[in-house]
Structure formats: C-alpha cells, structure tokens
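Enquirer: Sequence first, predicted model second:
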Amino acid sequence: MKNFSRINVAIVGGSGLEDFLKATEQIRVGTPFGLPSPITIGMVRKKPVAFLPRHGLRHNVPPHRVNYRANLYGLHLLGVERIFATNAVGAIAQNLKPGTLVVPHDFVDFTKSRQGTFYDDAPVTHVDMSQPYCPEMRSALIKAAKTVGESVCDEAVLACTEGPRYETPAEVKLLRHFGCNIVGMTGLPEVVLARELEICYASLSYVSNLAVGLQDHQTVDDIARTAEKCKPIVEQVLKEAIDSLSTTRNCVCVDALKDSQL
Ligand code: HPA
C-alpha cells in the first residue's frame, strides 16, 4: 500500500457493483482463511476506501462459495473498522417494489454450508446479536439516502437463504410468516463475521425483484437489469454516507468481544 497510511472504511459490493471505485491501487492480501476477492483502493470525497467485490471482479463466485472469512479478515488486516455492504434482494413485503433501497435492522439465517465464525476453537466466543447491524452505520445510510433525495425503507428483516437456486413459493410464504421482509443469498455470515472482528457493518440492500410467488417467474436478466438501474443511486448514497462518518465510533461493535468469551 503505497499511498495510504490507514484505510478505515470499506465497501463490500454485491451483484452489479463489481466496479464501484475508480481504483488507484489493487492489492491482494493473504489471510489464514485463504485469498479474499481482489481489493482495490480509491478515494471517496478525500477519504481512502477499500472496495471488495464479494463475487470476484467478473462475478464468478456464487453466493454459497464466497470465502466470507477471507474477505472479512483481509479487510481487517488492512485496518478497516467500518463496512458498508451492498446486497441485491427480493421483496417479500408487498410494499417494496423493485428499485427500493432497504437498510435491514435484523436477519434470519437460513444458510446451511457456510463457515460462519472465526471462533471454531478456543476461546469459545458467543457474540451478542441484539443489534446485528451497526446502528451508527445504518443511520448514516438512512440519512445519506434522504440527503440525495431517495426514499429508503429504514427497517427490514433479511432472510438469507443458501442458494444458488431461488426460493420456492412455499418457502417465500414461510419466510413471510416468520416476519422476514426481504430475501437474499449473501448477507450471512458477513454481518456476523464483521461483529466477531469488532467491525461496524451495515447493508444497503436494493430490491432487484419481487420474491418468487409475487411475480410470474424469476430470471437473472431481469434482476441484473434492475441492479444496473439502481447502481448510480446506490453509489451516490454510499459516497454521501462515507462522507458523513465521524472519526470516532460510539456503538456496540467497538467492544463486541468484551463480554462474549468464556
Ligand atoms: N431470492 C434470493 N436472493 C435474491 C433474490 C431473491 O428473490 N433477489 C436477489 N437476490
């Protein structure tokens, strides 16, 4: 890293956001968990920001095969303390239309095969998930959306499914019954791993489609088209949110490990 003494903020970009920053430097970081996706560094309103495309630069890693631990640990090694993630999601709630921005406040984890912790061994660690997403980062996203004149759904429960297939109509009914408002395949275990590293984390989700059962059938082309339309707005909101961050963190994430180890 030639030009940047410390990188505090990162964006983990989801589908359609593979090329967010005009990169000035690309780095590969080795981690005990393998290689993360290529990380680029660029400037956002004079702040150095790391950008990591979750699915790789050419979108060639499916959601259930993303190396979430390497990605998060790689950012941690760079000194990152705050992450804004972007996630394409399907709308389970009837009032959420394609194109809507959503900042989830809670999740239900329906994934099956992912390595969801850095603590497979001692010290046995149980991080608190009373507030799964960082309240300060959520608030920065919600305010930023309002500043740029975008409406935003400021509370939602995300269901994270294993994929890579889409859900069945019966599964979507069940998710609705469980109180979930949006469904995606990539939010977990990212949010949990961030907390285990005491990194602040919030997601700027964008509705790319109505969930199965609410529209005739699901095609990746339709979803990609909506994601493409959302992209400039998502970028604008992220830039505004990054600009608004204060230098100090005053949230639950900072001391997440304090009372979590036996
Ligand atoms: N289901 C799961 N993941 C998704 C969807 C969906 O409808 N849309 C975008 N990611």
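Expert: Received the coordinates, thanks.
Enquirer: thinking in terms of the whole chain, how far from its middle is stretch 98-111?
Expert: Put simply, stretch 98-111 sits 10 Å off its chain's centre (C-alpha atoms, centre = their mean, to the nearest Å).
Enquirer: Same question for stretch 63-75.
Expert: With C-alpha atoms, centre = their mean, you get 11 Å for stretch 63-75.
Enquirer: next one: stretch 114-121
Expert: Mean C-alpha position of stretch 114-121 versus that of the full chain (C-alpha atoms, centre = their mean) differs by 18 Å.
Enquirer: Could you pull out the helices in this structure for me?
Expert: Remark: helices assigned in the chain by DSSP state H are 68-77, 135-147, 169-177, 190-196, 220-244.
Enquirer: Looking at those, which is nearest to Ala85?
Expert: For these, the distance to Ala85 is smallest for helix 190-196, at 6.1 Å, taking C-beta to C-beta. All C-beta spots, glycine's among them, are computed from the backbone N, C-alpha and C.
Enquirer: Which strands or helices does that closest one pack on?
Expert: Contacts defined by 3 or more C-beta pairs under 8 Å, 6 or more residues apart in numbering; DSSP states H and E place helix 190-196 against helix 68-77, strand 82-91, strand 200-210.
Enquirer: let's go with 6 Å and repeat that
Expert: Judged by 3 or more C-beta pairs under 6 Å, 6 or more residues apart in numbering; DSSP states H and E, helix 190-196 is in contact with helix 68-77.
Enquirer: what sits up against the helix it packs on?
Expert: Helix 68-77 is contacted from outside by 10, 29, 31, 33-37, 52, 115, 189-190, 193-194, 197, using C-beta atoms under 6 Å, 6 or more residues apart in numbering.
Enquirer: which two from the residues you listed end up farthest apart in space?
Expert: Using C-beta to C-beta, the pair of those lying farthest apart is Ala10 and Gln115, separated by 20.1 Å.
Enquirer: Is Pro123 in contact with Gln261, as I believe?
Expert: Yes - at 4.5 Å, Pro123 counts as touching Gln261 under the criterion of C-beta atoms under 6 Å.
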